[in-house]
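Engineer: sequence first, predicted model second:
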Amino acid sequence: MTSAVRQAARHDNSTCVKWNGCHLPDCRDRYNSRRRAIRAGLIQPRTLIDAEPIRQHILDLQAAGISPTRIARLAGMSHTNITDFLHASPSQGRGRKRQTTPEIAQKILAVQPLTTTGTMRRIQALVAVGWSVRRIAARANVSVRWIVNLHPGVVVNVVTSKKIAAVYEELRKLNPEKHGVWPGHVARSKQRAKDNRWPPPKYWAGRMDVIDDPHFEPMYGRTRGELLAADARELFTYGIGVEQAAERLGVTKTHLYQELLRHPEETAPQQDDMQPAA
């Protein structure tokens, strides 16, 4: 009884011997030649790292709605490069990838889901200067329902995000009343933005580097007392007491207590959804 020799699907490098036990003479010679060159210091061995964190990152991207094909395109790689991390390929004689190079890992880990943060802020900024959701949707060629359903944490298609960004640049300096938006709807949009403290384009003009950053918190519309309370609570997270916080913020302990009482921890109103206007 003879056992079948396990052969690799590809024989253009030395990995078929190491990972697939290939016994073809040419492959064995190539493998042994490389090992001798490494021992002689003529070439450097490849550095390999654990592939599991990369696999988990790919799974997280899929959970966020990004397909392996899209991940591959964004990383500048082939579809197979991505799927090899996810499952074995018996037809190709390959198991699931267990190790990879730092260069490949860096390319894949650089692919990050695009959330609604920047898209919502651009829409809200346009509403703050009087543009209605219906007009914004029409200009961007998206549905009003799509805008209404936007909320933090949703993944936005890159193409759609670019559409909203382009409309933002187009409309941010224009007067909506001079472009067909009824004055009553302009006033309603501005009031909604004011109630929710949505910063207008003027606020973002010097902060475009953080408009897409979910970790950046706009302080637009907050009073000095609210800002003082917010700064104090941030200091509290580092274990600093009220007296020390007051000293650092340049106010008395009594004044700080007053502002903390006036402004409970949730100082900003909850953002409402983008209910359409004409």
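Structural biologist: Looks like it came in fine.

Engineer: Pro119 touches Val155, doesn't it?
Structural biologist: If you look again at residue 119, you'll see it is Thr, not Pro. No: using Cβ atoms under 8 Å, Thr119 is not in contact with Val155, being 10.5 Å away. (Glycine included, C-beta is placed from N, CA and C.)

Engineer: low-confidence stretches in this protein?
Structural biologist: 1-15, 17-20, 43-45, 89-94, 266-278 (pLDDT under 70).

Engineer: helices along the stretch 51-200 of the chain, start to end?
Structural biologist: Using DSSP state H, counting those that start in this stretch, the helices of the stretch 51-200 of the chain run over 52-63, 68-75, 79-83, 102-109, 117-128, 133-140, 144-148, 158-171, 183-196.

Engineer: which strands or helices does the fifth one pack on?
Structural biologist: The one in question is helix 117-128. With contacts taken as 3 or more Cβ pairs under 8 Å, 6 or more residues apart in numbering; DSSP states H and E, helix 117-128 sits against helix 133-140, helix 158-171, helix 183-196, helix 201-204.

Engineer: distance of the residue lying closest to Leu109 once chain neighbours are set aside from Leu42?
Structural biologist: Nearest non-adjacent residue to Leu109, counting by Cβ to Cβ, 6 or more residues apart in numbering: His57, 5.7 Å away. With distances taken as Cβ to Cβ, to the nearest Å, His57 is found 35 Å from Leu42.

Engineer: go on, Arg222?
Structural biologist: Here the criterion is Cβ to Cβ. By it, Arg222 lies 64 Å from Leu42.

Engineer: who's more crowded, these two?
Structural biologist: Arg222 (17 against 9; other Cβ atoms under 10 Å).

Engineer: surely the more buried one meets Ala230?
Structural biologist: Yes: between Arg222 and Ala230 there is a contact under Cβ under 8 Å: 7.4 Å.

Engineer: near Trp131, how many other residues are there?
Structural biologist: Neighbours of Trp131 (other Cβ under 10 Å): 28.

Engineer: right, I mislabeled it, should have said Thr116
Structural biologist: 20.

Engineer: give me the buried positions along stretch 46-64.
Structural biologist: 51, 54-55, 57-58, 61 (16 or more other Cβ atoms under 10 Å).

Engineer: re the thing from before, which residues touch the residue nearest to Leu109?
Structural biologist: Residues near His57 by Cβ atoms under 8 Å, 6 or more residues apart in numbering: 108-109, 111.

Engineer: narrow those residues to those that are buried.
Structural biologist: 108, 111.

Engineer: adding distance to Pro102, write the contacts of His57 out as a markdown table.
Structural biologist: Shown next, in a markdown table, are the contacts of His57 (distance: Cβ to Cβ, whole Å):
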| residue | distance to Pro102 |
| --- | --- |
| Ile108 | 11 |
| Leu109 | 10 |
| Val111 | 16 |
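
Engineer: nearest to Lys253, of the contacts of His57?
Structural biologist: Leu109 (46.4 Å; Cβ to Cβ).

Engineer: surely the closest one is in contact with Ile54?
Structural biologist: Yes: Leu109 is within contact range of Ile54, at 6.7 Å (criterion: Cβ under 8 Å).
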